[in-house]
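Student: Attaching a predicted model along with its sequence, questions to come.
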Amino acid sequence: MSNTLSGLPQAEWPYAQILVRLALGLALGLLIGLERERRGKEAGLRTFGFIGLLGTMGGALGPSFALGTLALTALLVAILNVSSLRSGLGSELTTSAAMMVTCVAGVMCGMGHTISPAAVMVIATALLAWKERLADFSMGISEGEVRSALLLAILAIVIYPALPAGSMGPWDLIEPRAAWVTVILIAGIGFFNYVLWKLYGTRGTELSGFFGGLINSNFTVIELSNRVREVGPAFVGTAYRGILLATTAMVARNATLLLILAPAALIGAMSAFALMLGASAILVLFSLRNRHNHAAGSAPDIHLDMPFSLPQALKYGLIFLLLHVVGALTQRQFGDSGFYFVSIVGGLLSSASAVAAAAALASQGSVSPLTAGVGAVLASFTSIAFSLSFVLRTRNPLLVKQLALSMVMIAIAGVCGLLLGHLFEPWVEQILALMRP
């Protein structure tokens, strides 16, 4: 008998490694079990802990054992639901799904995965813990909002991949995908703003203004300006802070792009970007201080019909396409001498793309780092000016006056920075010479 047993295959597991896997599987099971225990469910802390351990051992033993642990968990799910139905409490579909997810996560732990099962279990626990919030949010969604979400998904997932990649048309000036990305950006920012408005009221506007400015400040200003026209004077203060935050984010983003793509170009424009960012931050802080000192404590009542406007998104996508063609023609006609003009034109719609182009030219040696830095600052100037033109369409004197004064102050700070950069150009050239290989 002993000879027969000694002939069976054996596996030697590293004790520390298998112990870590078991501990992770147990911890993840206890995490979701704690939430179920607090809800008063029959399958609670201990049950989910056992399921996590069971899945981990199955994953460590091999694929056949992993399938066996899944089958055992499914049997346990069936027993739980039968018991719940007999007690007249109804089926436990959510808890059953959580048990199966816990077993699969345990199997992943047994196979050596760490981050993936942990992320899955954190998401699963969040879905269980946010039951009431998710239910309230879903019940408050209208049919028009669902259609808008589907339309946005069609724009990004269905239409975009079907467009031809690369340049096409005469002289390869038209890039359909680049133009469509602009449409998706406008629609996406509008939808993001709408969701934040619905969840947090006017507080979400300022948050979306900052994050929208990181993507494209002009599109964000367009969205906020349209909301001012829809809501009226009650929204002026919130829109002002949102646009200021979008401008601050745009300046910081452009400087970061230069730092990542062409650090040498940022050295020459450092003073301009620093002063612009400082002026923007001061204006934002001053506005927030006034809001806390003078706010009446109640946000304006906002009624929004649709998350975004598709015709408006298509219109500005067409503007982007036209500017792209004009910029490409100008660059081919004048070469490096048209660099500043191209930067200005690019900044009218997307200063990020203009700054990225300047950094690419500087890294390739087509323009000097100092020239690229100045072009990046000019693109930021024109982005601010173009944003202000959309504010003028609101025909709200108070908002126009406040933002015009703020934008002029930011631009003056940038000009002073350029003058300082020109004054210290010899020292900057020495620093750049040291940076060259």
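Tutor: Great, that's in hand.
Student: quick one: average pLDDT of the helix or strand harbouring residue 20?
Tutor: Using DSSP states H and E, residue 20 maps to helix 15-38. Average pLDDT, helix 15-38: 88.
Student: who's in contact with the next helix or strand after that helix?
Tutor: Helices and strands here follow DSSP H and E; after helix 15-38, the next one along the chain is helix 45-61. Helix 45-61 has contacts (Cβ atoms under 8 Å, 6 or more residues apart in numbering) with 13, 18, 21-22, 24-30, 32-34, 36-37, 65-70, 72-73, 76, 98-99, 102-111. C-betas here are computed from N, CA, C, even on glycine.
Student: Buried residues, the strand or helix carrying residue 416. List them.
Tutor: Applying DSSP H and E as the criterion places residue 416 in helix 397-423. Under the neighbour-count criterion of 16 or more other Cβ atoms under 10 Å, helix 397-423 has 399-400, 402-403, 406-407, 410-411, 413-414, 417-418, 421 buried.
Student: any idea of the mean pLDDT in that helix?
Tutor: pLDDT averaged over helix 397-423 gives 86.
Student: and what of stretch 183-196?
Tutor: Mean predicted confidence for stretch 183-196 is 69.
Student: Next: stretch 354-362.
Tutor: On average, stretch 354-362 scores 74.
Student: Would you mark the buried spots in it?
Tutor: 354, 355, 356, 357, 358, 359, 361, 362.
Student: How about the last one, nearest residue that isn't a chain neighbour?
Tutor: Spatially, and ignoring its direct neighbours in sequence, residue 362 is nearest to residue 372 (3.5 Å; Cβ to Cβ, 6 or more residues apart in numbering).
Student: Take the buried residues of helix 397-423 and lay them out in JSON lines including distance to residue 227.
Tutor: Rendered in JSON lines, the data for the buried residues of helix 397-423 read as follows (distance: Cβ to Cβ, whole Å):
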{"residue": "399", "distance to residue 227": "11"}
{"residue": "400", "distance to residue 227": "15"}
{"residue": "402", "distance to residue 227": "16"}
{"residue": "403", "distance to residue 227": "14"}
{"residue": "406", "distance to residue 227": "19"}
{"residue": "407", "distance to residue 227": "19"}
{"residue": "410", "distance to residue 227": "22"}
{"residue": "411", "distance to residue 227": "25"}
{"residue": "413", "distance to residue 227": "28"}
{"residue": "414", "distance to residue 227": "28"}
{"residue": "417", "distance to residue 227": "32"}
{"residue": "418", "distance to residue 227": "34"}
{"residue": "421", "distance to residue 227": "37"}
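Student: nearest to residue 146, of those residues?
Tutor: Using Cβ to Cβ, residue 399 comes nearest to residue 146 of these, at 32.5 Å.
Student: residues touching the closest one, list them.
Tutor: Counting by Cβ under 8 Å, 6+ apart, residue 399 touches 228, 236, 239, 240, 391.
Student: One more pass at 10 Å, please.
Tutor: With contact set as Cβ atoms under 10 Å, 6 or more residues apart in numbering, residue 399 has these partners: 224, 225, 228, 233, 235, 236, 237, 239, 240, 243, 391, 392.
Student: Repeat that for residue 275.
Tutor: Here residue 275 is in contact with 251, 410, 412, 413, 414, 415, 416, 417, 418, 420 (Cβ under 10 Å, 6+ apart).
Student: Could you pull up the mean pLDDT of the helix or strand harbouring it?
Tutor: Assigned by DSSP H and E, residue 275 falls within helix 263-294. Confidence over helix 263-294 (mean pLDDT, whole number) is 80.
Student: Give me the buried positions along it.
Tutor: 264-277, 279-280, 283-284, 287.
Student: Next: stretch 225-234.
Tutor: 225, 226, 227, 228, 231.
Student: Assess the claim that the third one and residue 394 are in contact.
Tutor: The reference is to residue 227. Yes: Residue 227 lies in contact with residue 394 (Cβ atoms under 10 Å); the separation is 9.4 Å.
Student: Could you tell me which residues touch both of the two?
Tutor: 235, 239.
Student: Can you pull the phi/psi pair for residue 92?
Tutor: Per-residue torsions, residue 92: phi -110, psi 70 (degrees, to the nearest 10).
Student: Next up, the contacts around it.
Tutor: Residues near residue 92 by Cβ under 10 Å, 6+ apart: 36, 41, 42, 43, 77, 80, 81, 83, 84, 85, 98, 99.
Student: doesn't residue 95 make contact with the second one?
Tutor: Yes: checked against Cβ under 10 Å, the pair residue 41 and residue 95 is within contact range at 5.4 Å.
Student: Are there residues contacting both of those two? Which ones?
Tutor: 47, 48, 80, 84, 128.
Student: Just put those residues in CSV and tack on pLDDT, distance to residue 378 and neighbour count.
Tutor: As requested, those are exported to CSV (pLDDT from 0 to 100; distance: Cβ to Cβ, whole Å; neighbours: other Cβ atoms under 10 Å):
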residue, pLDDT, distance to residue 378, neighbour count
47, 89, 64, 20
48, 90, 59, 29
80, 85, 66, 19
84, 81, 68, 19
128, 85, 52, 19
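Student: Closest one of the residues you listed to residue 383?
Tutor: Nearest to residue 383 among the shared contacts of residue 41 and residue 95, with distances taken as Cβ to Cβ, is residue 128, at 44.2 Å.
Student: who's in contact with that closest one?
Tutor: Per Cβ under 10 Å, 6+ apart, neighbours of residue 128: 32, 35, 36, 38, 39, 41, 94, 95, 97, 98, 134.
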